[in-house]
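Trainee: Build me a model from this:
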Amino acid sequence: MIRRRKSKLPKWRYEFDCRKCDNIREIHDPRKHRDGDYCVPCIERHDAGLPSPIQAYEKERVLRCECFTPIPEDREEGKV
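Mentor: Predicted structure coming up:
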């Protein structure tokens, strides 16, 4: 009996880059053992006992965050 090898699934990818999200803040909260960069809406949802805003789509193998807000680009930099 010959066994077929399963084809490898593509790697998971993020739809958005968290480094370009306006919700990321540096938080120092020793009471909850948080020290570093965190997504504020994600922390608020976790503390309230709500489900995570990060959703995984198996068919597309992509992770999406509902609270992603792009950092506004300063349009005045390009003007002289």
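Trainee: The chain: helices as residue ranges?
Mentor: Under the criterion DSSP state H, the chain contains helices at 40-47.
Trainee: Flag the shaky bits of the protein, pLDDT-wise.
Mentor: Within the chain, the stretches falling below the threshold (pLDDT under 70) are 75-80.
Trainee: any idea how far Ser52 lies from Thr69?
Mentor: In this structure, Ser52 and Thr69 are separated by 17 Å, where distance is defined by C-beta to C-beta, to the nearest Å. Placement of C-beta: from N, CA and C, glycine included.
Trainee: How about Glu15?
Mentor: Per C-beta to C-beta, Glu15 is found 13 Å from Thr69.
Trainee: Check Cys42 too.
Mentor: The span separating Cys42 from Thr69 equals 12 Å under the rule C-beta to C-beta.
Trainee: more crowded one of the two?
Mentor: Per other C-beta atoms under 10 Å, whichever of Cys42 and Thr69 has more neighbours is Cys42, with 20 against 14.
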